[in-house]
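Peer 1: No sequence on hand, only this structure:
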């Protein structure tokens, strides 16, 4: 081996520098730096970044906002799952990535406890908003409002009325027993082979389906202290899990649904007429999917029905999307002005199409203001609006006292174990026990 | 005449290989098949296992249409080529120098440094995500090509250095000695004598780096904020949750995303295997 050359130092330096850079990148510390929270109070002549899992509102609307306030908006559309990853990464790294971004109902507890977002009651007039936004309570944790709901998503039961009628079900079911009997009738009449969609893929959609079904069976999943309420066979959560797993075992749910997520189920099964009902579907789906000719073969066939409960109609559970301001925002005050504008009743009327087609915000689900929803229903611009408005009025949060800070781990346990029970690799009893053990462990802080 | 046991073994191996191939190929076939169908055909029930009315419309839309989604796909395709190409060039350049130095030069701490470089490969990449994000943020490199390329380089340099170290180690030292005796400087020897010989190793390193970079998702997801830097992998994933994007168009985008790595892997398979095996036998 050659041991001495005139360029040795240079090349050794290159090797050393490469090694140092690599070691630095692998072990990179997090002890210094990071964007300081606080940001600028400037509310004019600035550009804010808004990151949501949605296409932007019409350009004219954003231009109008800029004209009114002097604030330019850089709209970034990121899919929901990726956005949650980005929020967590940016918050953990204490790094700016947006001035306003998504606050999902399920993460309110976690985001509130970790203090990653500004308390919105210090930025906008949440007290005035509350009277017309029934779902604002879902965004409140320990007295602080983490985000402002901008859509009124809640879980609803959808049925393909044409299929039900074809099977001889002329009166829509009002109880779970009636509903199960109707599904069996649709199956036995040969209208569809598998009439019910339950998204059994191990994903968040399975958890929310179970929460809604638990509500329909007359109970809640967790109490205010985070203690599981579903451990005994006579509890609503236990019955809901049994009903869901029985549905796939008894051939009401397509066997392939073991790997189907909630949105896949809506798009490829319900919208294509391969199932006749979704017990826990998304509100607004009729207007944004089932009645869209390019995406659906069941146009005008799907209806919302009041959620069948044990003895009658049950309440719908809300899962709305909100918008909040991360602590690392560069322009938090400007972001607050945007949120006030974006979630105002007047703007939601525009977005929902009450003031002309050119103002519609494509992909916008349902307004979070009750008054706007009522106007839509009265004007006939909301498909099935007469059914939806009372459902929203009577909707309840999944967790009446706010989602616990450990919700993501809990939800993971829910969908993992319910998925396993559906595949037959564990019993419902074992699945429930494992979920309850997880909840107890998380609630006790261990 | 082969023994029954050996025949059974061969049959079992054949079945195993066939099943493994099917497991890998069927999803790709399904994506390719769907990309040549209209959305209605792709969603038909019962499913069409071959396109009964094949169409190039999805590809035409992706490559020429002015609408939102095709525009995003084209921009993301440009981004991924720029990011992967730049990361490959920088990684190969640094890895060539580092691999050569580690293979041929003696200096204090050489082994420690070399094993430190190799040790970084043992770190799960995601453990470095947050620190890297923070560093890039401090340097103002979030949502820039430079930031993403630097992160790729830091991630792939250890493997590239190791591959080229093995390659340089396998070359006869007498070639360099002859060059030095003739009065050439060290870098001249490297440039004129060793690099031509190491070309297969350099090509394989470049391919491996490019293919690894092409498949990245989480790092560019976090480090890029908008379409100015988001690569194809991130943009395609972001489209799948939207009701309005036809599945057939999404599959066509997916096929476009796998064409480049697939062609490279098939065309240069020999280099990739040789590169990874370099130095394993002497």
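Peer 2: Thanks, I have the structure now. Values in this document were obtained by computation on a predicted structure and should not be read as measured data.
Peer 1: Can you give me the buried ones in stretch A:115-130?
Peer 2: Buried positions in stretch A:115-130, judged by neighbour count with 16 or more other Cβ atoms under 10 Å in any protein chain shown: A:116-121, A:123-124, A:126, A:129. To be clear about C-beta, it is placed using only N, CA and C from the backbone, and glycine gets the same treatment.
Peer 1: Sorry, wrong one. I was asking about stretch A:52-67.
Peer 2: Across stretch A:52-67, burial judged by 16+ other Cβ under 10 Å covers A:52-54, A:56-58, A:61-62, A:64-65.
Peer 1: can you list the residues that contact stretch A:373-388?
Peer 2: A:152, A:156, A:283-284, A:286-287, A:291, A:303-306, A:349, A:352-354, A:366-367, A:389, A:392 (Cβ atoms under 8 Å, 6 or more residues apart in numbering or on different chains).
Peer 1: Now that stretch: buried residues?
Peer 2: A:373-377, A:382-385, A:387-388.
Peer 1: From residue A:100, how far off is the closest residue in space to residue A:208 that isn't next to it in sequence?
Peer 2: Nearest residue to residue A:208, sequence neighbours excluded (Cβ to Cβ, 6 or more residues apart in numbering or on different chains): residue A:319, at 5.9 Å. As judged by Cβ to Cβ, to the nearest Å, residue A:319 and residue A:100 stand 20 Å apart.
Peer 1: need the helices for the stretch 1-150 of chain A, in chain order.
Peer 2: A:8-27, A:59-69, A:80-92, A:108-114, A:126-130 (DSSP state H, counting those that start in this stretch).
Peer 1: and if you look at the stretch 1-150 of chain B?
Peer 2: B:4-35, B:39-42, B:57-64, B:68-104, B:110-119, B:129-138, B:145-170.
Peer 1: For the fifth one, name the packing helices and strands.
Peer 2: This points to helix B:110-119. For helix B:110-119, the elements it packs on are helix A:8-27, helix B:68-104, helix B:145-170, judged by 3 or more Cβ pairs under 8 Å, 6 or more residues apart in numbering or on different chains; DSSP states H and E.
Peer 1: now do the third one
Peer 2: Contact here means 3+ Cβ pairs under 8 Å, 6+ apart; on that basis helix B:57-64 packs against helix B:68-104, helix B:247-267.
Peer 1: most tightly surrounded among the ones you listed?
Peer 2: Among the helices and strands packed on helix B:57-64, ranked by average contacts under mean count of other Cβ atoms under 10 Å in any protein chain shown, first place goes to helix B:68-104 (a mean of 21).
Peer 1: quick one, strands of the stretch 51-200 of chain A?
Peer 2: With DSSP state E, counting those that start in this stretch, the ranges of strands along the stretch 51-200 of chain A come out as A:71-77, A:100-104, A:140-141, A:144-145, A:148-149, A:155-160, A:196-197.
Peer 1: could you say which helix or strand contains the closest residue to residue B:217 other than its chain neighbours?
Peer 2: Computed as Cβ to Cβ, 6+ apart, the closest residue to residue B:217 that is not its neighbour in sequence is residue B:233, at 4.9 Å. If you go by DSSP states H and E, residue B:233 is part of helix B:232-239.
Peer 1: Residue A:99: what's it in contact with?
Peer 2: A:39, A:48-50, A:325-326, A:329-332, A:334-335, A:338.
Peer 1: Distance-wise, check it relative to residue A:341.
Peer 2: 13 Å.
Peer 1: just residue B:55 next, same as before
Peer 2: 44 Å.
Peer 1: more neighbours, the two?
Peer 2: residue A:341 (18 against 14; other Cβ atoms under 10 Å in any protein chain shown).
Peer 1: Name the helix or strand for the more buried one, please.
Peer 2: Assigned by DSSP H and E, residue A:341 falls in helix A:332-342.
Peer 1: Model confidence at the residue of the stretch 201-350 of chain A at minimum distance from chain B, what's the number?
Peer 2: Nearest to chain B, among the residues of the stretch 201-350 of chain A, is residue A:289, at 5.1 Å (Cβ to the nearest Cβ). pLDDT, residue A:289: 79.
Peer 1: low pLDDT regions in the stretch 101-250 of chain B?
Peer 2: In the predicted model of the stretch 101-250 of chain B, residues B:240-245 satisfy pLDDT under 70.
Peer 1: Is residue A:219 part of a helix or strand, or is it coil?
Peer 2: Here residue A:219 takes the coil state, with states given by DSSP: H, G, I helix; E, B strand; the rest coil.
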